[in-house]
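Asker: have a look at this prediction, sequence included:
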Amino acid sequence: MCTAPPVQQQPLALWRCALESDAEHKERTHANAQGTPWILQAIQTRLQNQKYTALVILVSGGHFAAAIFDGDALKQTTQAVYKAAEKHRRKHATASDNADIPPMPIQRMVAQKTIKAIKHKTMHRYVVRQGQGGIQSAKDGTGKNISSAGSNLRRFNEAELKKGIHALLKKEWADDVATVDRIFYAAGPTGRGWLFGSDAEPGALSRHDARLCKIPFSTKRPGLAELTRVFFELHTADAFAGAALESARIAKEQQAAATAARLEQQQRQREDAANRASQENATPEAEESKGLSKKEKERARKARAKEAKKAAAAASVEASAAQAPSSHPVPVAASKEIEQGDSLADRLKAMRAAKDADAKKKEKEKDASARAERERRAVAAERRLGL
């Protein structure tokens with residue numbers, strides 16, 4: 001089914017699984033039969049078929065939904081969608097450029113509602129662990145032995161849901177399942193186990209069925225509305241204008257270039273920050289400040305600022321003296337300040353020496369106090385003994 005009027009040399013996008021099953025695709029890929037001829041042949045074969053039916057199965061958590069659709073339902077909606085697409089195109093097209101036409105989701109929704117299923121069935125069981133997620137059997141597979149009332153109920157419901165799926169596909173719908181042209185399914189690991197079973201316990205469907213097709217896009221919670229949407233999307237060919245494709249490609253390239261430039265800028269900023277941090281840690285002032293307390297580091301910082309101020313004053317005095325040595329003598333106060341100023345390294349050494357001397361003094365006082373205490377205790381002991 002096409003959702004836009006046929007236009008010459010207009011690209012079409014359609015799902016591969018609508019033309020060939022997974023087994024046919026694997027066989028064609030193995031034979032290296034690529035290109036457009038097989039697509040045209042598949043479309044021609046599909047158009048020549050007088051009757052086409054498909055089974056759609058969705059399994060997610062404890063939800064199961066299945067429906068059988070007739071291809072005639074698509075034919076009935078084709079003309080209505082063509083008319084809606086033509087009306088949409090005339091509304092948004094201009095005289096200069098009629099390529100960039102926005103999508104028409106409303107018409108697609110209307111078309112989906114016109115599709116009716118031949119048969120449909122939905123089932124739901126409580127099998128997912130509330131608040132934690134995951135089916136109970138998956139939790140049991142981790143090796144933990146859980147025997148709560150809720151876990152037992154979930155195990156029972158899981159077994160009942162599996163029985164219901166088998167009864168539906170192998171008994172109630174057995175004749176219809178055997179005659180459908182395609183079987184589309186979407187299921188997780190546990191759901192696939194319910195459908196296909198294992199070598200020891202066969203499931204409702206065979207893994208080697210040539211009609212099987214995995215749904216190639218994400219699906220929502222299983223239900224009749226979702227089954228209809230999936231069937232409609234699988235058998236819908238979307239038409240794209242060349243200019244729209246080119247503009248989309250250019251926009252994608254521009255977005256990729258902007259993303260790459262932003263990432264490169266962030267990387268440069270991180271490298272610059274790392275270089276600045278390493279340079280700050282490698283300065284002589286940082287090396288000399290190691291082992292000092294917070295207050296001592298603050299005093300050292302102020303001393304460095306004072307030294308820088310003195311150096312700037314000395315440089316200005318020297319510059320003025322070089323320009324006019326006779327008329328601008330060096331100020332006496334500035335020269336005395338320069339002579340009396342100690343270097344930062346000497347000050348830091350003096351601070352460390354004072355700190356070490358203070359520590360040694362405290363240690364000596366502590367030893368003297370301990371010695372005096374021992375002597376006092378010895379004298380007290382002699383007095384008690386009457387010596």
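Answerer: Looks like it arrived, so ask away.
Asker: ramachandran angles for residue 202?
Answerer: phi -60, psi 150 (degrees, to the nearest 10).
Asker: partners of it in the sheet?
Answerer: residue 197 (DSSP bridges).
Asker: neighbours of it, how many?
Answerer: 13 (other Cβ atoms under 10 Å). In short, each C-beta sits where N, CA and C put it, glycine included.
Asker: next one: residue 294
Answerer: Neighbours around residue 294, by other Cβ under 10 Å: 7.
Asker: repeat that for the one 3 residues further on.
Answerer: If you count neighbours by other Cβ under 10 Å, residue 297 ends up with 16.
Asker: where's it, which helix or strand?
Answerer: Assigned by DSSP states H and E, residue 297 falls within helix 294-323.
Asker: for that helix, packing partners?
Answerer: If you count contacts as 3 or more Cβ pairs under 8 Å, 6 or more residues apart in numbering; DSSP states H and E, helix 294-323 packs onto helix 284-288, helix 332-340, helix 344-385.
Asker: domains in this protein, by residue range?
Answerer: What automatic domain parsing lists as the domains of the chain is 12-126+173-240, 241-282, 289-362.
Asker: which of these comes out lowest on mean pLDDT?
Answerer: Ranked by mean pLDDT, those bottom out at domain 289-362, with a mean of 69.
Asker: hey, where'd the strands end up in the stretch 51-200 of the chain?
Answerer: Listed in chain order, the strands found in the stretch 51-200 of the chain under DSSP state E, counting those that start in this stretch are 53-60, 63-70, 117-124, 182-186.
Asker: now the end-to-end length of stretch 125-144.
Answerer: Stretch 125-144 has an end-to-end distance of 23 Å (criterion: Cα to Cα, to the nearest Å).
Asker: which outside residues touch that stretch?
Answerer: 61-62, 146, 150-151, 153-155, 157-158, 160-161, 189-190 (Cβ atoms under 8 Å, 6 or more residues apart in numbering).
Asker: and those, which of them are buried?
Answerer: Among the contacts of stretch 125-144, those classed as buried by neighbour count (16 or more other Cβ atoms under 10 Å) are 61-62, 151, 154-155, 157-158, 161, 190.
Asker: mind putting the contacts of stretch 125-144 in CSV, distance to residue 139 included?
Answerer: Below are the contacts of stretch 125-144 laid out as CSV (distance: Cβ to Cβ, whole Å):
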residue, distance to residue 139
61, 13
62, 14
146, 7
150, 11
151, 8
153, 14
154, 9
155, 10
157, 14
158, 11
160, 18
161, 16
189, 13
190, 11
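Asker: list the contacts for residue 194?
Answerer: By Cβ under 8 Å, 6+ apart, the neighbours of residue 194 are 59, 161-162, 165, 187, 203-204.
Asker: most surrounded residue in those?
Answerer: Of the contacts of residue 194, with other Cβ under 10 Å as the count, residue 59 tops at 24 neighbours.
Asker: ok, the closest residue to that one other than its chain neighbours to residue 25 distance?
Answerer: Distances taken as Cβ to Cβ, 6 or more residues apart in numbering place residue 191 nearest to residue 59, at 3.3 Å, with adjacent residues excluded. The spacing between residue 191 and residue 25, counted by Cβ to Cβ, to the nearest Å, is 22 Å.
Asker: now residue 190
Answerer: Taking Cβ to Cβ, one finds residue 190 at 25 Å from residue 25.
Asker: also residue 301?
Answerer: 73 Å.
Asker: what kind of secondary structure is residue 228 in?
Answerer: helix (DSSP: H, G, I helix; E, B strand; the rest coil).
Asker: just the ones of the contacts of stretch 125-144 in helices?
Answerer: Among these, the ones falling in helices (DSSP state H) are 150-151, 153-155, 157-158, 160-161, 189-190.
Asker: and of these, the nearest to residue 255?
Answerer: Residue 255 lies nearest to residue 189 out of the ones in helices among the contacts of stretch 125-144, by Cβ to Cβ, at 35.0 Å.
Asker: per-residue pLDDT, the closest residue to that closest one other than its chain neighbours?
Answerer: In space, and not counting its chain neighbours, residue 189 is closest to residue 138: 7.9 Å by Cβ to Cβ, 6+ apart. At residue 138, the pLDDT value in this model is 70.
Asker: how about residue 161?
Answerer: 90.
Asker: tell me the contacts of it?
Answerer: Neighbours of residue 161 in contact, by Cβ under 8 Å, 6+ apart: 62, 64, 123, 125, 127, 194.
Asker: cool, and residue 18?
Answerer: 182, 234-235.
Asker: got the buried ones among the contacts of stretch 125-144 as a markdown table, with distance to residue 169 columns?
Answerer: Formatted as a markdown table, the buried ones among the contacts of stretch 125-144 follow (distance: Cβ to Cβ, whole Å):
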| residue | distance to residue 169 |
| --- | --- |
| 61 | 19 |
| 62 | 17 |
| 151 | 28 |
| 154 | 23 |
| 155 | 22 |
| 157 | 19 |
| 158 | 17 |
| 161 | 13 |
| 190 | 17 |
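Asker: returning to what we had before: of the helices and strands packed on helix 294-323, flag the one that's most buried.
Answerer: Stretch with highest mean neighbour count among the helices and strands packed on helix 294-323: helix 284-288 (a mean of 13; mean count of other Cβ atoms under 10 Å).
Asker: quick one, which of residue 301 and residue 25 is more surrounded?
Answerer: Between residue 301 and residue 25, counting by other Cβ under 10 Å, residue 25 is the more crowded of the two (15 against 12).
Asker: tell me the phi and psi of the more buried one?
Answerer: phi -70, psi -40.
Asker: what's the burial count for the closest residue to it other than its chain neighbours?
Answerer: Closest residue in space to residue 25, ignoring its immediate chain neighbours: residue 16 at 6.6 Å, by Cβ to Cβ, 6+ apart. By other Cβ under 10 Å, the residues close to residue 16 number 14.
Asker: any idea how far residue 26 is from residue 16?
Answerer: Distance from residue 16 to residue 26, by Cβ to Cβ: 12 Å.
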